[in-house]
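> my questions are about this predicted structure, shown below with the sequence.
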Amino acid sequence: MAALKYAGMDDTDSEDELPPGWEERSTKDGWVYYANHEEMKTQWEHPKTGKKKRCAGDLPYGWEQETDDKGQIFYVDHINKRKTYFDPRQAFTIEDVQVKPKRYDGNTAALDVLQGHDLSDKVIIITGGNSGIGFETARSFALHGAHVILACRNKARSSKAVNRILEEWHKARVEAMTLDLASLRSVREFAEAFKAKKLPLHILVCNAAVCTQPWRLTEDGLESTFQICHLGHFYLVQLLQNVLRRSAPARVVVLSSESHRFTDLVDSCGKVDLSLLSPPQKEYWSMLAYNRAKLCNILFSNELHRRLSPHGVTSNAVHPGNMMYTSIHRSWWLMTFLFNLARPFTKSMLDSILVARARWLLSRETVNGRAQGLRTA
Ligand SMILES: NC(=O)c1ccc[n+]([C@@H]2O[C@H](COP(=O)([O-])OP(=O)(O)OC[C@H]3O[C@@H](n4cnc5c(N)ncnc54)[C@H](OP(=O)(O)O)[C@@H]3O)[C@@H](O)[C@H]2O)c1
């Protein structure tokens, strides 16, 4: 049932069943009509629901449409050597309703956006997919059939995340691989290990980040916020660029932030100053470092899009929303305080798991209740 729901097919209402004496047929161009044999009349609307329908897609492999002497259309199944007046595509009819474009807002969750999409032919990497927005994204992709790779620095946390997704749907194709963006060596090793799998790569989500961390140099001698949020991702995309191009249409999504607006990369004379990106300890302010790294995310994504979109690889930077409750605030008590203040008014990644669990429990209750009802009936 869960799989049907994620595919947008959980509405199994039998209201479509025809009353006695009625038959469903279709025209040459796929419109469904209804014939009443008792009253010898036909109509386009379903006699019970009043809805119009048409057949979706082509005839199944091996089938052909033909017309008999009376002008009546029939269908030949060449493989099984049989004929029928019933259009085999009627198993997949769609209603003739004006489909309004879906509207999304600040409360829309990834699962809502993906509802009805089949991603089973997609391979997706998400950096920092073990928690927060990355985890929700990974979970939503995996529940829609994609092969999802969580690229994470901590094995225990990433295995836990994989298990949480598998608990929800045991057939999910989800795995964890080690990637520490604070180490260019680790980024290289990750890229090599991924390439060794000989998989395509359709979506690369550059999501991992740290915010308001104390000053620290990485093993590569760079300030860590800058390296984790931007440079590590920049390097990763360079290393996987050929795989992305070979897998086109493919896309890169870079998680940036609205806070990029509160900074720039110029010195007091207005000239671009790249030394601001990895400042020494005495010139370091953690929030500013985060904002600058997020500005780099956007500049990088725009330039990447300019260079790769002619080859079928697009890139977009996205601001996921303000102060969404994740663990991004954990390095500084003031941020934790502010995130907790804002929590009742913003989207929370923790809630969505709790809500999913509550829904799951409720559906179990309902199923148990129905089963109980059936047993006592
Ligand atoms: N939450 C918001 O309100 C908000 C607003 C604007 C933008 N964003 C952006 O959204 C993205 C996701 O953030 P979030 O809120 O979901 O935060 P989060 O819950 O803290 O997730 C960050 C993820 O990055 C991983 N990570 C940190 N350092 C890493 C490293 N060296 N190598 C590999 N992975 C590393 C973390 O792994 P560990 O669990 O091992 O630490 C974690 O999985 C970030 O790019 C952030 O800037 C968030």
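Okay, I see it.
> after the helix or strand of the chain at the bottom of the mean pLDDT ranking, next one along is what?
Every helix and strand of the chain was ranked by mean pLDDT, DSSP states H and E. The lowest is helix 2-6, at a mean of 44. Using DSSP states H and E, the helix or strand that directly follows helix 2-6 along the chain is strand 22-26.
> just give me the neighbour total for the closest residue in space to S278 that isn't next to it in sequence.
In this structure, S278 finds its nearest non-sequential neighbour in E223, 4.2 Å apart by C-beta to C-beta, 6 or more residues apart in numbering. For every residue, glycine as well, the C-beta is placed using N, CA and C. Residue neighbour count, defined by other C-beta atoms under 10 Å, stands at 24 for E223.
> quick check: residues of the protein near the ligand?
127-128, 130-134, 152-154, 157, 179-182, 207-210, 228, 255, 257, 319-324, 326-328 (C-beta under 6 Å from any ligand atom).
> among the residues you listed, which ones are in helices?
Here DSSP state H is the test, and the residues of the chain next to the ligand give G132, I133, G134, R157 as lying in helices.
> farthest-apart pair in those residues, please.
I133 and R157 (15.0 Å; C-beta to C-beta).
> ChimeraX command to pick out the buried ones of the residues of the chain next to the ligand?
The buried residues among the residues of the chain next to the ligand can be selected in ChimeraX (16 or more other C-beta atoms under 10 Å) with this line:
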select :127,128,130,131,132,133,134,152,153,157,179,180,181,182,207,208,209,210,228,255,257,320,323,324,326,328
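> what segments of the stretch 101-250 of the chain are strands?
Residue ranges of the strands in the stretch 101-250 of the chain, as given by DSSP state E, counting those that start in this stretch, are 123-127, 147-152, 173-178, 203-206, 250-255.
> my bad, should have said the stretch 251-377 of the chain
Applying DSSP E, counting those that start in this stretch to the stretch 251-377 of the chain gives strands spanning 313-318.
> pLDDT below threshold where in it?
350-377 (pLDDT under 70).
> can you check the stretch 101-250 of the chain too?
Along the stretch 101-250 of the chain, the parts satisfying pLDDT under 70 run over 101.
> give me every residue that touches R246.
Residues in contact with R246, defined by C-beta atoms under 8 Å, 6 or more residues apart in numbering, are P200.
> tell me which residue is most central in this protein.
The structure's the chain has its C-alpha centroid closest to F141; by C-alpha atoms, centre = their mean the separation is 4.1 Å.
> what about the residue in the chain that the ligand sits nearest to, distance to P279?
At 2.2 Å from the ligand, G132 is the closest residue in the chain, using C-beta to the nearest ligand atom. According to C-beta to C-beta, to the nearest Å, G132 and P279 sit 27 Å apart.
> what does C206 give?
Separation of C206 from P279 (C-beta to C-beta): 23 Å.
> ok, now R251?
Distance of R251 to P279, given as C-beta to C-beta: 33 Å.
> what is the neighbour count of M335?
For M335, the neighbour count with other C-beta under 10 Å is 17.
> now do the contacts for it.
With contact set as C-beta under 8 Å, 6+ apart, M335 has these partners: C211, T212, I328, H329.
> that older thread, dump the strands of the stretch 101-250 of the chain into JSON lines; add distance to L295 as well.
Converted to JSON lines, those look like this (distance: least, C-beta to C-beta, whole Å):
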{"stretch": "strand 123-127", "distance to L295": "19"}
{"stretch": "strand 147-152", "distance to L295": "23"}
{"stretch": "strand 173-178", "distance to L295": "28"}
{"stretch": "strand 203-206", "distance to L295": "14"}
{"stretch": "strand 250-255", "distance to L295": "12"}
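> in contact with the closest residue to T336 other than its chain neighbours, which residues are there?
Excluding the flanking residues, the one nearest T336 by C-beta to C-beta, 6+ apart is H329, at 4.8 Å. Contacts for H329 (C-beta under 8 Å, 6+ apart) come out as C211, T212, M335, T336, L338, F339.
> show me which of those residues are buried.
Among the contacts of H329, those that count as buried by neighbour count (16+ other C-beta under 10 Å) are C211, T212, M335, F339.
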